[in-house]
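Trainee: Quick one, structure for this:
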Amino acid sequence: MLPALLVAITPMTIYLDAVINASGLEISAAVAAWTSTLILITEHADDPPPGLVAASGLSVAVLACVRGLSPLWVAIIALVAMASNPLGARRLLTRPLVRRWIAGLVVIGTLATTWILTAGSLTVLPDGVPVPHRASREEILVLALGRMGLFLREAIGVFGWLDTPSPLLTYLIWGLLGALMVATALLLGRRWKLIVFGSFLILVILLPALLIASRARFDGLIWQGRDGLPLWIGVPLLAACTPTRADRTMPSSPNLLRRFVALTTILACSAQLLAWYWALRRNIVGLAGPLDVFSRSQGVWHPPVVVPLLLFVAVLGTVSYATLGLHLHPRSDRRGSSRGSVSSAHTLQPAGFPQGGAITKEPRRQSFLADDITQVFHQHDGWQSTVLLRPSQARWRRRPLRRLK
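Mentor: As a prediction, this is how the structure comes out:
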């Protein structure tokens, strides 16, 4: 999840968080809502931590109240998260704490939607790119789809009055990391999770185009990359939560995970720092000015903080961000401990039990099950039982073992 989070937080997200703009709060709340909700449903459906439930509920509540389209993003996040793990969502709905949070969020979402519709929050200035008067709906939709590349570049980072694009290297790094995550999820995704992820990819392309085309005759093709970021940041996060066939056929590799997280962290942080420097250069010496932001020429604007100190703080923050990412790499035993391997039999030894009480997982017993198998080991007064979960139907097999002395 950490590499996906680094990709989801684009330079444009950090830029909007640093200026007075409602989009910054909306995008930050969307990042928190996507991350906490997906982790809650895909990893903690059996025993949801109250703190994680509260984090998900609060982020969704804030997101619903920020901008005109925010309740729509909340509904999409909820539907996609539930579709990614239907059995987990069903188990969560049986929890009283989760039900209370859902009831409160429904009230907040209803109030926010009522305010948006009655206060005219969806009304915008008609200053978009005009469309031909005789253009059909299909032609307008094609025009909107043709601008998706521009909107994606803006979502990565186009600063100022949309006059300062990020350096080419920043776009290349972000495109490479995003394409790698999407390709991995599409090529190696398993059954239902692949269907959900593929459908979501189609949605993130078509929905903005449909929203633009619906008002194009009145407002023109009015849209910016920041408007779609609350939806688009879900792509890398959902890709990280999409299990692949490699998880079942290959043993977990701590070194491979560590190297991938390190590479992603270094590349993303370097691209962030480069984009920040480019925006600083635009404000100090202008787009046509030199690359040196330490210029003392007459008429050059200088920030309230001296440039060397500002640059030092930016580098220090980026290094700290990268160090945190390198230390918070995924647990190496996550896949291996939660999903059975069908390649070879191996033994799991629960904590507190002697070697004789270990559970041996046999390939023959697991081979007829579906891909996504979760084995949960319960301990109570020295007894063990195993719960086997399938994506299509839950198979609860409680098998008390011999009492261990």
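
Trainee: Checking the residue most central in space within the chain next. Helix, strand or coil?
Mentor: Closest to where the C-alpha atoms of the chain average out (Cα atoms, centre = their mean) is L237, at 2.8 Å. Assigned by DSSP: H, G, I helix; E, B strand; the rest coil, the conformation of L237 is helix.

Trainee: gap between it and A32?
Mentor: 11 Å (Cβ to Cβ, to the nearest Å). All C-beta atoms are positioned from the backbone trio N, CA, C, and that covers glycine.

Trainee: ranges for the helices of the stretch 51-200 of the chain?
Mentor: Using DSSP state H, counting those that start in this stretch, the helices found in the stretch 51-200 of the chain span residues 70-84, 86-92, 96-119, 137-146, 148-157, 168-188, 191-214.

Trainee: Run the chain-centre distance for the second one.
Mentor: Average the C-alpha atoms of helix 86-92, do the same for its chain, and the two points are 20 Å apart (Cα atoms, centre = their mean, to the nearest Å).

Trainee: The fifth one now?
Mentor: Averaging C-alpha coordinates over helix 148-157 and over its chain gives two centres that are 17 Å apart (Cα atoms, centre = their mean).

Trainee: Which of the residues in it are classified as buried?
Mentor: For helix 148-157, burial by neighbour count (16 or more other Cβ atoms under 10 Å) applies to M148, F151, L152, R153, E154, A155, I156, G157.

Trainee: Nearest to I108 among those?
Mentor: A155 (26.7 Å; Cβ to Cβ).

Trainee: how close does the closest one get to A185?
Mentor: Going from A155 to A185 by Cβ to Cβ gives 19 Å.

Trainee: got the angle between the helix ranked longest in the chain and helix 168-188?
Mentor: Under DSSP state H, the helix in the chain containing the largest number of residues is helix 254-284. If you take axes from the mean of the first three to the mean of the last three Cα atoms, to 10 degrees, helix 254-284 sits at 150 degrees to helix 168-188.

Trainee: For helix 254-284, enumerate the helices and strands it packs against.
Mentor: If you count contacts as 3 or more Cβ pairs under 8 Å, 6 or more residues apart in numbering; DSSP states H and E, helix 254-284 packs onto helix 2-8, helix 11-17, strand 158-159, strand 164-165, helix 168-188, helix 307-327.

Trainee: Could I get the buried residue list for it?
Mentor: 257, 260-261, 264-265, 267-269, 271-282, 284.

Trainee: mind listing what the closest residue in space to M12 that isn't next to it in sequence touches?
Mentor: Of all residues not flanking M12 in the chain, G157 sits nearest, at 4.6 Å (Cβ to Cβ, 6 or more residues apart in numbering). The contact partners of G157, by Cβ atoms under 8 Å, 6 or more residues apart in numbering, come to T10, P11, M12, Y15, P165, S166, T170, A275.

Trainee: so how many other residues sit close to the spatially closest residue to the fifth one that is not a sequence neighbour?
Mentor: What that stands for is P165. For P165, ignoring the flanking residues on the chain, the nearest one in space by Cβ to Cβ, 6+ apart is V158 at 5.0 Å. Using other Cβ atoms under 10 Å, V158 is surrounded by 23 other residues.

Trainee: Over to the one 3 residues further on?
Mentor: Neighbour count of W161, defined by other Cβ under 10 Å: 6.

Trainee: For it, what are phi and psi?
Mentor: Main-chain dihedrals, W161, degrees, to the nearest 10: phi -90, psi 50.

Trainee: Same check on the one 5 residues further on?
Mentor: Note on S166: backbone dihedrals following degrees, to the nearest 10 are phi -70, psi 160.

Trainee: so where's this protein uncertain?
Mentor: Applying pLDDT under 70 to the chain flags the ranges 242-255, 257, 295-300, 325, 328-405.

Trainee: Okay, domains of it per the record?
Mentor: Domain segmentation of the chain under automatic domain parsing yields 2-249, 340-395.

Trainee: Please identify the most buried of these.
Mentor: For the domains of the chain, the largest average neighbour count (mean count of other Cβ atoms under 10 Å) is found in domain 2-249, namely a mean of 18.

Trainee: show me the contacts for the closest residue to T164 other than its chain neighbours.
Mentor: Spatial nearest neighbour of T164, chain neighbours left out: R282 (4.4 Å); criterion: Cβ to Cβ, 6+ apart. Residues in contact with R282, defined by Cβ under 8 Å, 6+ apart, are F159, G160, D163, T164.

Trainee: if you set the cut-off to 10 Å instead, what comes out?
Mentor: By Cβ atoms under 10 Å, 6 or more residues apart in numbering, R282 lies in contact with F159, G160, D163, T164, P165, A288, G289, V293.

Trainee: ok, now how distant is L256 from L263?
Mentor: The value you get for L256 to L263, if Cβ to Cβ is used, is 11 Å.

Trainee: An error on my part: the question was meant for G198.
Mentor: Distance of G198 to L263, computed by Cβ to Cβ: 26 Å.

Trainee: follow-up on the earlier one: G228 is nearest to which of the helices and strands packed on helix 254-284?
Mentor: Using Cβ to Cβ, the helices and strands packed on helix 254-284 put helix 11-17 closest to G228, at 10.9 Å.

Trainee: For the closest one, list the C-alpha coordinates in PDB.
Mentor: Coordinates of each C-alpha in helix 11-17 appear next as PDB, following Å, rounded to 0.1, in the frame of the first residue of the first chain:
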ATOM      1  CA  PRO A  11       3.000  17.100  -6.600                       C
ATOM      2  CA  MET A  12      -0.300  18.800  -7.400                       C
ATOM      3  CA  THR A  13      -1.800  17.400  -4.200                       C
ATOM      4  CA  ILE A  14       1.000  18.900  -2.100                       C
ATOM      5  CA  TYR A  15       0.800  22.200  -4.100                       C
ATOM      6  CA  LEU A  16      -2.900  22.600  -3.500                       C
ATOM      7  CA  ASP A  17      -2.500  21.700   0.200                       C
END
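
Trainee: got a list of contacts for that helix?
Mentor: Helix 11-17 has contacts (Cβ under 10 Å, 6+ apart) with 9-10, 21-28, 30-31, 153-160, 164, 166-167, 170, 174, 224-226, 229, 233, 268, 271-276, 278-279.

Trainee: tell me what whichever helix or strand comes after it is packed against?
Mentor: As assigned by DSSP states H and E, the chain's next helix or strand after helix 11-17 is helix 22-43. Secondary-structure packing of helix 22-43 (3 or more Cβ pairs under 10 Å, 6 or more residues apart in numbering; DSSP states H and E): helix 2-8, helix 11-17, helix 50-64, helix 70-84, helix 86-92, helix 225-232, helix 234-240.
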